[in-house]
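Participant: make a model of this:
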Amino acid sequence: MDEVIHAEPVVLFALEWYEFCWSVRKLFSRVGIGYRSVDLDSVDYQKDDLGGKIRAVLAASTGQKTIPQIFVGAEHIGGCTDLFNAWRDGSLQRRLSLKDIRYDASVEIDPYSLLPKWQQPRKTA
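Facilitator: Numbers count the residues shown, from 1 in each chain. The predicted structure is shown next:
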């Protein structure tokens, strides 16, 4: 796992079917962030429960059991909402720039709009 995290600028540990993972992928696509996705439920990771074993190592090393888990420049960002909050407050963009990871800075987007409608935070009046 460490080899992947250190070999790739942006790594997404994900599940293929999960909406939060889809939403992270949408953000990366919209702003042009290249990434490696490790889809823990894919056929490649089903043999000998490799996906489950990686999940256990992720939980032990990050303290978070949720999926997705995102790493930028080998630094743990957290899950989907952690990533979205970092985008909103500009800390993700700063981290990308510090690590020389290209993205389209001209894109203005609220990442929470990329969640399925039933998962989007409710707006208060």
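Participant: in stretch 28-41, what's buried?
Facilitator: The neighbour-count criterion (16 or more other CB atoms under 10 Å) identifies 28, 31, 33, 35, 37, 38, 39, 40, 41 as the buried residues of stretch 28-41. For the C-beta atoms, the positions are set from N, CA and C on the backbone; glycine is no exception.
Participant: and if you look at stretch 56-65?
Facilitator: Of the residues in stretch 56-65, those buried under the neighbour-count criterion (16+ other CB under 10 Å) are 58, 62.
Participant: chain center to it: distance?
Facilitator: In this view, stretch 56-65 has its centroid 15 Å away from the chain centroid, taken as CA atoms, centre = their mean, to the nearest Å.
Participant: who's in contact with stretch 5-12?
Facilitator: Under the contact criterion CB atoms under 8 Å, 6 or more residues apart in numbering, stretch 5-12 has outside partners 4, 21, 24-25, 28, 33-38, 68-74, 99, 101.
Participant: quick one: end-to-end length of stretch 64-80, please.
Facilitator: Counting by CA to CA, to the nearest Å, the length from the leading to the trailing residue of stretch 64-80 is 12 Å.
Participant: which helix or strand in this protein has the lowest average pLDDT?
Facilitator: In the chain, no helix or strand scores lower on mean pLDDT, DSSP states H and E than helix 2-7, which sits at a mean of 88.
Participant: next structured bit after the helix or strand harbouring residue 37?
Facilitator: When secondary structure is defined using DSSP states H and E, the element that contains residue 37 is strand 36-39. On the C-terminal side of strand 36-39, the nearest following helix or strand under DSSP H and E is helix 50-62.
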